[in-house]
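*Asks:* Only the shape, not the letters, is given here:
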């Protein structure tokens, strides 16, 4: 593989996982990492997330074949400007952000003349920070690449081989289409989860203690993704505004229809919807994209706090 | 314990789990079960969900100390009318339904003069039917009892001891308050999940295959509860209409506020919400109501369908 030296800018869940996945699955690839937070750099060094902790973005990209921005998308412009003057001319520039149109524009503006291939590995957990990373995060997950028309085919092939080496499957897509697809499969689910957890927290008639005690009725599922990194998600909604608002409109239309069905006691409309939503879960499990075990396999892993 | 003979009406996930939990944790209690579906009765017999499969509701309640309706709440009136003439005079009548005000009214109307204590064990999975039950479903979960003022204290004490014997913790609550609490911790989460899965399925710009492939971005979480029993959930929304509409109104108000924040690029409003939703998950885990492992512990249990 052509990629031998990778610079990872940002050493949280994603950057740390990229570093650990390289160490495990591409052990001949050298990694240098940087994070603006000195405490994160220190912790990343203790954990061995990368071979070398750099003391500046400029130092991180020395001799790099591939530079991956693993910071919230709103932090990319500053990070890019800090290393722009030190980039090897033939390095591939990429990222892991959840929105791709604005990232493409941002990187082109900040790093003119460089080979830019925005990327999005569709993988993550509710944890964040350097301790959250793990080497298998990308196994069997899809990584979407959104190269512009001007990207050299060899660079695209190299980045594809890199992500496949980390265990991911590759899809090439227009950035605009990516942003629409992820709005519905990721961004709206997060927005809904954050919102209902906020709604439940703010009620006066129902106490916070009651919300927690009876959360096994369904609510607890939403609290997982509502525990995700607030900075990252703020930036996603700021940077994928149009697609998110479009998909949010579809969702609220459908929710209004269900509200009317409840108001009018239209059990048939409810039954019709509730009956056809099962299939999609079965398909997700068949495609290897979720745990086939009942209740995500967690049923036997909750415990009595008094035990 | 005073309860020695339990009749279970309905042998799906909940009825089957009650039967199996009795067998494991209260082995001296005898169980008889009935289901209107002959195939379910046959399967329940093979699985040993109850000691005796009855051929009619009337036969199921012979000599019962406790009769538990484990059918969708909309099916309770018919089931109650079928056994009304055969009920022992001192039997406790209870259920496991997710709404409590209408259940209390229904049972009082159908079974006048009997001791009625509506109950709701806040536990379940996305599976349904006789094969879905398991003995530990109620361990560490809360069971809410909503007795009327006329219930004899001894009957309430007996039912409490019964559920505690199955591993549950007990809360006594007004039926109206139960319905409001569960609207937010269970009913609205299910409605939202069903709706977003429906929205995603109906899109033309994003294919079903794309929704499935990129579901690990968050969407897949919602598909679990959207795979729940459609009949049961239709009945919940028909029977807890007012509380559901009230809580749905709160949620849609909050969602509209987030929509405006996205439209106007108000990152501070987003960050404020996204930052305070983490705590509630931590509290749920501390209270033993969810799996403490990252990603519900499922991260290592998804597989490549081609492997």
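*Replies:* Right, received. Where do you want to start? Source: prediction; values computed, not measured.

*Asks:* Residue numbers of the stretch 51-200 of chain A in contact with chain B?
*Replies:* A:74, A:98, A:122-127, A:132, A:134, A:136-137, A:139-142, A:144, A:171, A:180-182, A:184-200 (CB under 8 Å from any CB of the partner chain). In short, each C-beta sits where N, CA and C put it, glycine included.

*Asks:* Sort out for me which of those are in helices.
*Replies:* Here DSSP state H is the test, and these give A:180-182, A:188-200 as lying in helices.

*Asks:* could you pull out the helices for the stretch 201-307 of chain A?
*Replies:* In the stretch 201-307 of chain A, the helices defined using DSSP state H, counting those that start in this stretch lie at A:208-213, A:219-225, A:230-239, A:241-264, A:267-276, A:278-286.

*Asks:* Please identify which of the ones you listed is closest to residue B:277.
*Replies:* Among those, helix A:219-225 comes nearest to residue B:277, with 7.3 Å by CB to CB.

*Asks:* re the thing from before, of the helices of the stretch 201-307 of chain A, which is nearest residue B:154?
*Replies:* helix A:208-213 (26.3 Å).

*Asks:* other SSEs contacting the closest one?
*Replies:* Secondary-structure packing of helix A:208-213 (3 or more CB pairs under 8 Å, 6 or more residues apart in numbering or on different chains; DSSP states H and E): helix A:188-202, helix B:278-286.

*Asks:* could you dump the ones you listed to JSON lines with mean pLDDT?
*Replies:* Converted to JSON lines, the helices and strands packed on helix A:208-213 look like this (pLDDT from 0 to 100):
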{"stretch": "helix A:188-202", "mean pLDDT": "97"}
{"stretch": "helix B:278-286", "mean pLDDT": "91"}
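
*Asks:* now these in a markdown table, with distance to residue A:220?
*Replies:* Formatted as a markdown table, the helices and strands packed on helix A:208-213 follow (distance: least, CB to CB, whole Å):
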| stretch | distance to residue A:220 |
| --- | --- |
| helix A:188-202 | 10 |
| helix B:278-286 | 5 |
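
*Asks:* hey, which of those helices is tucked in deepest?
*Replies:* helix A:188-202 (a mean of 24; mean count of other CB atoms under 10 Å in any protein chain shown).

*Asks:* Just the strands from chain A, written as ranges.
*Replies:* A:5-9, A:30-34, A:52-53, A:66-69, A:92-95, A:115-116, A:119-121, A:142-145, A:169-172 (DSSP state E).

*Asks:* Off-centre distance for the last one?
*Replies:* Yep, that's strand A:169-172 we're talking about. 15 Å (CA atoms, centre = their mean, to the nearest Å).

*Asks:* which helices and strands does it pack with?
*Replies:* strand A:142-145, helix A:153-165.

*Asks:* In its sheet, which strands sit next to the shortest one, and in what direction?
*Replies:* When you say that, I think you mean strand A:142-145. strand A:119-121 (antiparallel), strand A:169-172 (parallel) (DSSP bridges).

*Asks:* looking at these, which is buried most?
*Replies:* Mean neighbour counts for these (mean count of other CB under 10 Å) peak at strand A:119-121, with a mean of 26.

*Asks:* still on that earlier bit, and the strands of chain A as TSV, adding mean pLDDT?
*Replies:* What follows is the strands of chain A, written out as TSV (pLDDT from 0 to 100):
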stretch	mean pLDDT
strand A:5-9	98
strand A:30-34	98
strand A:52-53	98
strand A:66-69	98
strand A:92-95	98
strand A:115-116	98
strand A:119-121	98
strand A:142-145	98
strand A:169-172	98
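
*Asks:* which sections of the stretch 151-300 of chain A are below the confidence cut-off?
*Replies:* A:299-300 (pLDDT under 70).

*Asks:* so what are the domain limits for chain A?
*Replies:* A:5-173, A:177-294 (automatic domain parsing).

*Asks:* Throw those into JSON lines and include distance to residue B:288, thanks.
*Replies:* Converted to JSON lines, the domains of chain A look like this (distance: least, CB to CB, whole Å):
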{"stretch": "domain A:5-173", "distance to residue B:288": "18"}
{"stretch": "domain A:177-294", "distance to residue B:288": "10"}
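
*Asks:* If we go by neighbour counts, what in stretch A:200-218 is buried?
*Replies:* A:200-201, A:203, A:206, A:210-218 (16 or more other CB atoms under 10 Å in any protein chain shown).

*Asks:* ok so, going back, wait, which of the helices and strands packed on strand A:169-172 is closest to residue A:46?
*Replies:* helix A:153-165 (25.6 Å).

*Asks:* Please tell me how far that closest one is from the chain's geometric centre.
*Replies:* 20 Å.

*Asks:* cool, and stretch A:288-298?
*Replies:* The answer for stretch A:288-298 is 20 Å, by CA atoms, centre = their mean.

*Asks:* And the contacts of it?
*Replies:* A:140, A:281, A:284-285, B:125-127, B:132, B:212-213, B:215-216, B:220, B:223-224, B:290-291, B:293, B:296-298, B:301-305 (CB atoms under 8 Å, 6 or more residues apart in numbering or on different chains).
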